[in-house]
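> give the three-dimensional model of this entry:
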Amino acid sequence: MDKNKTHIIRFLAICAALSLWTIACRLMFGGQAPAYITEKWQVPDAFSAFSGRPGEYGVYKGRLDKTINRYGFISTPDLTVAKPDGTIRIAFLGGSSTAGTGPGLADRDTWPWRVTEMVKAAFPGRHIDFINGALPKYTTFESYGRLWSRIRFFKPDIICVYHGWSEMGYFTADKIDSITSWRDGGGMPAGRPVSKALDKRGLEIFRGNLDLIKMAAGLIGAKLFVCKEATLAVGGLSPAEQKRCRYDYHGFGHEAHVAAFKDIYAVIDREIDPGSVIDVTPVSGVPGYFMDHVHPTVQGSGKIAEIVSKKIISWIHLNCKRR
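Reported below is the predicted structural model:
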């Protein structure tokens, strides 16, 4: 049996296992209201905990310049499932820092939107569109579910993954060991006691989810880029700035978060080809670039977009001949 067939069989077996797990959870918890549905814009989704309700996202702190398109993608212009001939389509996967939620950014200020505008400027006359497949609380697990159950039908040419902070939920033992908490896209209640301990099993969960995304990208023929997410939480950060970082979401403190980010970056380096890694950490640790621990300001969003777009533009130059 050739290598490609082996990968496909392995992938289908994983999908079958995930389907059985979903059915089991529905049988056990079907009568309960989903704990993760807390906002009017959220609708349950079997493959990624929840997705976006089409329409304005204006319920979020009164913003009327934050939207969800007809397919449930946040801060994404309208597009068709069938990709027009000659189109280069980019899909972005991530959590709230990619969706531009948390403190919140308008659609056009999110870094995926700005990346796409930079790519368009580099290729005048080419049709380029994008999908922001991120949502707040999403981990790599929810991103994989959304990629395989929804985004792949849009036939993206490029997939850009931007995860880090949301993965920290898997570094807490009660997250890993509780069946119900796995339904909640990576989020934990705020106000948890902060200690210095973290559960290193979270790295294997991240690695496994990343492997699923990598395999899915290969099966649909899309170029995969994985970013090292930028964060305010770096070594030597002043106590005043540390107070802006919501470490209580995860239950462990500043130094543990710094160590966890380094471990996540190391997994990316091991699992992803160096040419497919986008290092956004030059943005890290600069207070003016962040509203809090990880959500970018408008200025920070621009800096992230500059780094990400440079790598994408270079790849398109080499691989996407005009048809």
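> low-scoring stretches of the stretch 1-150 of the chain, by residue?
1-36, 56-64 (pLDDT under 70).
> again, only using 90
Along the stretch 1-150 of the chain, the parts satisfying pLDDT under 90 run over 1-42, 44, 46-49, 53, 55-66, 102-104, 125, 137.
> care to break the protein down by domain?
Per the record, the chain has its domains at 1-32, 39-319, by automatic domain parsing.
> okay if I get these as a markdown table plus mean neighbour count?
(Each C-beta comes from the backbone N, C-alpha and C, glycine too.) Converted to a markdown table, the domains of the chain look like this (neighbours: other C-beta atoms under 10 Å):
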| stretch | mean neighbour count |
| --- | --- |
| domain 1-32 | 11 |
| domain 39-319 | 19 |
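> secondary structure class for the residue nearest to Met118 when sequence neighbours are not counted?
Closest residue in space to Met118, ignoring its immediate chain neighbours: Ser309 at 3.9 Å, by C-beta to C-beta, 6 or more residues apart in numbering. Counting by DSSP: H, G, I helix; E, B strand; the rest coil, the backbone at Ser309 sits in helix.
> what separates Ser309 from Ala256, distance-wise?
Here the distance between Ser309 and Ala256 works out to 32 Å (C-beta to C-beta, to the nearest Å).
> and Ile220, what does it touch?
Contacts of Ile220 were listed using C-beta atoms under 8 Å, 6 or more residues apart in numbering, and they are Arg152, Lys155, Pro156.
> where exactly do the helices run in this structure?
Applying DSSP state H to the chain gives helices spanning 3-29, 96-99, 111-122, 140-149, 173-177, 201-220, 239-242, 254-271, 298-319.
> for these, which one sits closest to Thr281?
Checking those against Thr281 by C-beta to C-beta gives helix 254-271 as the closest, at 7.3 Å.
> what's near enough to touch the spatially most central residue of the chain?
Geometric centre of the chain, nearest residue: Gly94, 0.9 Å, by C-alpha atoms, centre = their mean. Shown in contact with Gly94 (C-beta under 8 Å, 6+ apart): Gly133, Ala134, Tyr138, Ser143, Val161, Tyr162, His163, Glu229.
> residue contacts, the closest residue in space to Arg70 that isn't next to it in sequence?
Sequence neighbours aside, Pro54 is the residue nearest to Arg70 in space, at 4.8 Å (criterion: C-beta to C-beta, 6+ apart). By C-beta under 8 Å, 6+ apart, Pro54 lies in contact with Ile68, Asn69, Arg70, Tyr71, Gly72.
> let me have those in JSON lines, extended by distance to Arg270.
Formatted as JSON lines, those follow (distance: C-beta to C-beta, whole Å):
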{"residue": "Ile68", "distance to Arg270": "35"}
{"residue": "Asn69", "distance to Arg270": "36"}
{"residue": "Arg70", "distance to Arg270": "39"}
{"residue": "Tyr71", "distance to Arg270": "34"}
{"residue": "Gly72", "distance to Arg270": "33"}
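> list just the nearest of those to Asp78.
Asn69 (5.4 Å).
> now the closest one: how far from Pro54?
6 Å.
> check Pro282 too.
In this structure, Pro282 and Pro54 are 36 Å apart, going by C-beta to C-beta.
> inside strands: which ones of the contacts of Gly94?
If you go by DSSP state E, the contacts of Gly94 have Val161, Tyr162, His163 in strands.
> which one of those residues is nearest to Ala49?
For the ones in strands among the contacts of Gly94, the nearest to Ala49 is His163 (14.7 Å; C-beta to C-beta).
> dump the residue contacts of the closest residue in space to that closest one that isn't next to it in sequence.
Of all residues not flanking His163 in the chain, Thr140 sits nearest, at 5.2 Å (C-beta to C-beta, 6+ apart). Taking C-beta under 8 Å, 6+ apart as the contact definition, Thr140 lies against Leu93, Val161, His163, Glu167, Phe206, Asn209, Leu210, Leu212, Ile213.
> now do 7 Å
Residues in contact with Thr140 (C-beta atoms under 7 Å, 6 or more residues apart in numbering) are His163, Glu167, Phe206, Asn209, Leu210, Ile213.
> so which of the residues you listed is the closest to His127?
Looking across those and measuring by C-beta to C-beta, the closest to His127 is Ile213, at 25.8 Å.
> that closest one reaches Val161, doesn't it?
Yes: with contact taken as C-beta atoms under 7 Å, Ile213 and Val161 are classed as touching, separated by 6.2 Å.
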